[in-house]
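> based on what follows, work out the 3D shape:
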Amino acid sequence: MKKKGTEYRFLIDAYSPETIPMARLAEYLADLSTMLGEQSSVHFVRIDEGSTVSVYRIDSEAEPKIELRTKMLRSNSAEPWAQKAYGRLNKKLADDNASGKIEALITGATIIEFPGRKGEAFGPMGPVTQTDEIDGVLIRIGGQGDPVPIHLMGHSGKLYVCETSRSKAREIARYYDGPPLRVIGNARWFRNLQGEWDLINFTIRDFVVLKDTKLADLLTEIRGMPTGLDKIADPLGDLEKIRQQG
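Numbers count the residues shown, from 1 in each chain. Predicted structure coming up:
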């Protein structure tokens, strides 16, 4: 016996249930069904009040596949038919001067967004390879192969999965769970559907150890730096004169 599964909401902000034409809603739901895939396991439940909110349920056994597909849609790496359905749905929203999104019904978490009138969905871009730098704390290192996986945690809590040679890994290993590092190397990025750049791969060539200074201490240090402003009788007046001369 199938479990009930999880309910989700597909929101369109330009219509209410009373104003959206039935034929247009059917077109949206057809694209949504195609985009999600697993059509026999996705069930329409109801239309909620407010903006047009279509509630649908995914059978529990199909949830892992659809969850993976939505993640791949956000990184432009889903099956071509799913990406085309996403594009058609987003274009309909733009044509209707609307935008939309899918939310988990219980938590309200956004699963995927449709920019619509806010801007056409970003087309695939990348991967782009360039020399780059990443700052973070070393939280994991190891592996039997070469290159060696290196995991860095950025200041915002973002995890960066990198790799480097075994010789460089031995150097970096000394700073495990220590001061922040700045790694330098070759990065490969792609742009997802929300216009954000996600890291595909980062090969570390070198690194430097950063000074682990607390923000309060750093501000105190900056305030103590000589600026020369104390020797100017009227700094604001002199600044205004410079602006007028420009």
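> show me where the chain has helices.
For the chain, the helices defined by DSSP state H occupy 22-36, 63-74, 80-95, 166-173, 215-223, 235-245.
> Gly136 is nearest to which of those helices?
Ranking these by proximity to Gly136 (CB to CB) places helix 166-173 first, at 11.4 Å. For the C-beta atoms, the positions are set from N, CA and C on the backbone; glycine is no exception.
> if we go by neighbour counts, what in the closest one is buried?
The neighbour-count check on helix 166-173 (16 or more other CB atoms under 10 Å) flags Lys168, Ala169, Ile172 as buried.
> how many residues are close by Thr110?
By the measure other CB atoms under 10 Å, the count of residues near Thr110 is 12.
> just list the residues touching it, thanks.
Thr110 makes contact with Lys101, Ile102, Glu103, according to CB atoms under 8 Å, 6 or more residues apart in numbering.
> outline the domain layout of the chain.
Here the chain is described, according to automatic domain parsing, as comprising the domains 6-118, 125-215.
> can you put those domains in CSV and add mean pLDDT?
Converted to CSV, the domains of the chain look like this (pLDDT from 0 to 100):
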stretch, mean pLDDT
domain 6-118, 87
domain 125-215, 87
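> is it correct that Val161 is in contact with Met153?
No. Using CB atoms under 8 Å, Val161 makes no contact with Met153, being 10.8 Å away.
> and those two? which has more neighbours close in?
Met153 (16 against 13).
> in stretch 76-94, what's buried?
Neighbour-count burial for stretch 76-94 flags Asn76, Ala78, Ala82, Gln83, Ala85, Tyr86, Gly87, Leu89, Asn90, Lys92, Leu93, Ala94 (criterion: 16+ other CB under 10 Å).
> with the residues you listed in mind, which one is nearest to Leu11?
Distances from Leu11 to those, taken as CB to CB, are shortest for Leu93 (10.5 Å).
> ok, now which ones touch that closest one?
Leu93 makes contact with Ile12, Ala14, Ser99, Gly100, Phe114, Pro115, Gly116, Arg117, according to CB under 8 Å, 6+ apart.
> check Asn186 too.
Asn186 makes contact with Thr129, Gln130, Thr131, Asp132, Phe202, Thr203, Arg205, according to CB under 8 Å, 6+ apart.
> are any of those buried, and which?
Neighbour-count burial (16+ other CB under 10 Å) is assigned, among the contacts of Asn186, to Phe202, Thr203.
> just give me the closest of the contacts of Asn186 to Tyr28.
For the contacts of Asn186, the nearest to Tyr28 is Thr129 (37.7 Å; CB to CB).
> that closest one is in contact with Arg188, isn't it?
Yes. Counting by CB under 8 Å, Thr129 touches Arg188, with 5.0 Å between them.
> anything in contact with each of these two?
Counting by CB under 8 Å, 6+ apart, nothing touches both Thr129 and Arg188.
> perfect, that will be all.
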